[in-house]
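# I would like to see how this sequence folds:
(one chain, ligands or ions: 1)
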Amino acid sequence: MLSQTGRSGHSRRDFLATAGIGALAAGGAVAMPSSALAAAPVPMAKSASAKLQPFDIADVHLADSPFLHAQQMTEAYLLKLQPDRMLHKFRVNAGLKPKAAAYGGWESASLWDEINCHGHTLGHYLSACALAYRSTGNKAYKQRIEYIASELAGCQKASGAGLVCAFPKGPALVAAHLRGEKITGVPWYTLHKVYAGLHDSAVLADSANSRAVLLRLADWGVVATRPLSDAEFETMLDTEHGGMNEIYADLYFMTGNEDYRTLAQRFSHKAIMEPLSRNRDRLDGLHANTQVPKIIGFQRVYEATGDAKYRDAAAFFWKTVAHTRSFASGGHGDNEHFFANADFAEHVFSAKGSETCCQYNMLKLTRALFLHDPRPEYSDYYERTLYNGILASQDPDSGMATYFQGARPGYMKLYHTPEDSFWCCTGTGMENHVKYRDSIYFHDDRALYVSLFVPSSVAWKDKGAILIQTTAFPDEATTRLHWKLERPTDIALKLRHPHWSRTAIILINGVEATRSVEPGSYVELARTWKDGDRVELRLVMEPAAEVAPAAPEIVAFTYGPLVLAAALGREGLAPGADIIVNERKYGEYNSTPITVPTLAGDPQSLAKSIRAGDKPLAFAITSVEGTPVPLVPYHRIAHERYATYWQVKPVTT
Ligand SMILES: [Zn+2]
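Okay, here's the model as predicted:
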C-alpha cells in the first residue's frame, strides 16, 4: 500500500527516453530506418550538461531473447485493456456519463478508497502505449493514445477546468490538499502519472492532442499552487507526490515556460534534498518509493536550472542506496521502507522486500545520472537490477507482474491479475517491459557505448551506421558485434567490461586486439571501421558470494550479474496459487512454512563449491543435509518456491 502522510510515508512514477528510427529483421538482415516514424520530432529536450545521448528507441531493434518475449507479453496486455474502463471516473468527475465500468484494485475497490490513487493506471497506460508505439510503430497504440487524449480533452471541456482526475470525491480532494487540510491519499502522486503519461504520449507518439491536454493541466497546476507560501508548499510535500518536480522540469524543456521551471523547484522537497546534497543519509524509516521519484526530479531540476545542489543530492542518494542499501538483486527496502543497515538481518528475509516500483525508479535515476556522468558503476547496477528486478518481475506465461520480490526462504513470486489489481507496480509493470531498448546503447559525438549484452541492433543515423549485437548472454559470457556501414567511419566503440568479469578480451575480425584487466570500465576501440567489421567481447562469469556488511553470515550467490536462486519446487501449491488479488496480503498467501535446505561453511568457499550442471546456467550446491540444491538464475524463477539469501551456518567439525 501507499503511505500517506509524514516523513515516513508516501510513493510512485516513471520516465523516459529519446529520438529516431531503425530496423533489423529478426533473421539478421539489416535495413536502414524506413519507418513512418522517421519524420517525428526528436523526443525529450536534452540537457546541455548531458555528456551522452540515448538513442531513440525506434532506432533500436530487439532480436529474439527473453527481453523481446517480455516486451511482446506486455504489448498484448496493453491491447487487451479497455480505455473506457480507465476513463470511467474521469468522465464522472467532469459531469459526463461513463462509457464502461471502472477496473478493480486501486481504481475502484473500496478496500483502497482512502489512498486516492484512482486514475494512476490511465497515466501508466499512456506511457506504456507511447513506448510500445515508439518501439514498434504499431498504430494500434497510437489510436489508444489519441482516443484517451480526446476523451480527456472532452472532460476538460465539460468541466471548464484544466484538472482531470478520477478521485472518488473529484477535484475537492486536490482543493483540500492545496488548502493544507488533512486528507487521506496521495493526489499529486496520482496526478503525476497522468501528467507523465500525457507527456510521454506527446513526446514519443507525437500526439498533439496529448500535448494540448497536458499543457492545460500543467497551467491549471501553476495557477492552483500559486497562492501557497514556500512553507505551505513544503508542508504539502510531506505527502507522497511522485515525480511532480520531474514532470514540471520536463514541461519546461518542452515549452521553455519559466512558470514550469519555477514550479519544478517548488515541487522539490527541501527536507529530503538538503541533507542529501550535503552527503547525509537520513533515509532510515522513510517510505522508499516516495523518495526515489523525487530524486529523479532533483536531477531533472539540476538539468533545468544548473543548480548543483540538486545534482549532488541525486548523485549521493544513488550512491548510498545502490552501494549500502541494496540487496544483491538491486532492490531495497522491507515493507516499502528503508531500514537501518545495522538491521539487515531482521529485514532481508521479509516476503515484502524489493518493491518492484523501487527498482523501476532506481533504473530511471541510474540512467539519468549515467547520461551526465557515464561511470561504469551505473551500468553495473543497471544490468544487475534489470535482470534480477525487472526481467524477473514478469510472469513469462501470463505477462503479469510482481509487487514485492522478497527473499523469504521458500516463498514465491506473486503476480497480479489482469483486471482486478491495478496497484502501483501494475502500472510501472506496464512500462518496464516496453522500454528495454532505451538503455542498451548510448552515444556522444564520437563514441558509441555498448552497455548491455542483449541481442539487438542500433542505427546511428548521423553516422550512416548500424551496429548489430548477437549473443546468447547470459547463457554464454561472450557477445559479438558487427557493423553495417555506408562508408568507412571513425567511431570510438566503448565496450563495457563489467565489474563481475576478471578480464575482458576483445577480438577484432577474429584477432585479439586488446585485453582489459580493469573490471568496471569501458574499453575504447577508436578506429576507422569498415562495413562488415566484427568485434567479439569475451568475458568471464563465475559463481561468487555476496555478503551483507552488517550480517556476514547472510549470503546471496551470484553468477556474473545474475542472482542465483534455489529452485525449490511447488509442492503443496494449487495452480494459480501465485496470483494475488490483495497486495496488502503479501506474505499471507502461500504462507505454509516449508523446510529450506541449510548451507554451512565460509561463504566464499561455498561459492567455489557451486557446480555447473549439464545445461547453461543450471548449477547445484550441496546442503548440510547432503542433498544437491539446484540453483538457477533468479529471473527465470516462476511458479515455484525459491530462496535467494541464505543464513549460512558455521562449519561443524
Ligand atoms: Zn509499486
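
# for the residue nearest the centre of the chain, list the residues it contacts.
Against the mean C-alpha coordinate of the chain, by C-alpha atoms, centre = their mean, the closest residue is Tyr360 at 2.3 Å. For Tyr360, the contact set (C-beta atoms under 8 Å, 6 or more residues apart in numbering) comprises 14, 390, 425, 428, 431-432. (Each C-beta comes from the backbone N, C-alpha and C, glycine too.)

# and for Leu525?
Leu525 neighbours (C-beta under 8 Å, 6+ apart): 492-495, 506, 508, 513-514, 535.

# helices along the stretch 551-653 of the chain, start to end?
Secondary structure of the stretch 551-653 of the chain (DSSP state H, counting those that start in this stretch): helices located at 603-608.

# below-threshold pLDDT in it: ranges please.
Along the stretch 551-653 of the chain, segments meeting pLDDT under 70 span 652-653.

# what's the neighbour count on the residue in it that the ion sits nearest to?
Per C-beta to the ion, Glu583 is where the stretch 551-653 of the chain lies closest to the ion, at 8.4 Å. Glu583 has 22 neighbouring residues, counting by other C-beta atoms under 10 Å.

# coming back round to it: which among the contacts of Tyr360 are in contact with the ion?
Contacts with the ion within these, counted by C-beta under 5 Å from the ion: Cys425.

# hmm, which of the contacts of Tyr360 are the buried ones?
14, 390, 425, 428, 431-432 (16 or more other C-beta atoms under 10 Å).

# turn these into TSV, including pLDDT and secondary structure.
Output for the buried ones among the contacts of Tyr360, formatted as TSV (pLDDT from 0 to 100; DSSP: H, G, I helix; E, B strand; the rest coil):
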residue	pLDDT	secondary structure
Asp14	27	coil
Ile390	98	helix
Cys425	97	helix
Thr428	98	helix
Glu431	98	helix
Asn432	98	helix
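
# up against the ion, what does this protein have?
Residues of the chain lying close to the ion (C-beta under 5 Å from the ion) are 355, 357, 424-425.

# okay, now the unreliable bits of this protein?
Looking along the chain with the criterion set at pLDDT under 70, you get 1-48, 652-653.

# the same query, at a cut-off of 50, please.
Within the chain, the stretches with pLDDT under 50 are 1, 4-44.

# helices along the stretch 101-250 of the chain, start to end?
Using DSSP H, counting those that start in this stretch, helices in the stretch 101-250 of the chain cover 120-136, 139-159, 171-178, 187-204, 208-225, 230-236, 244-255.

# count of residues packed around Ser277?
21.

# I'd assumed Phe316 was in contact with it.
Yes: Ser277 is in contact with Phe316 according to C-beta atoms under 8 Å; the separation is 7.2 Å.

# wait, is the residue nearest to the centre of the chain part of a helix?
Yes: applying DSSP: H, G, I helix; E, B strand; the rest coil, one finds Tyr360 inside a helix.

# distance of it from Ala172?
As judged by C-beta to C-beta, to the nearest Å, Tyr360 and Ala172 stand 31 Å apart.

# which residues sit against stretch 155-165?
90-91, 93-96, 118-119, 152, 171, 173-174, 187, 190-191, 194, 213, 216-221, 224.

# tell me the buried residues within the residues you listed.
For those, buried by 16+ other C-beta under 10 Å: 90-91, 93-94, 96, 118-119, 152, 171, 173-174, 187, 190-191, 194, 213, 216-218, 220-221, 224.

# burial measure for the residue in the stretch 251-400 of the chain positioned nearest to the ion, as a count.
Relative to the ion, the nearest point of the stretch 251-400 of the chain is Cys357 (3.0 Å; C-beta to the ion). By other C-beta under 10 Å, 28 other residues sit near Cys357.

# I'd assumed it was in a strand, is it?
No: assigned with three-state DSSP, Cys357 falls outside any strand and is helix.
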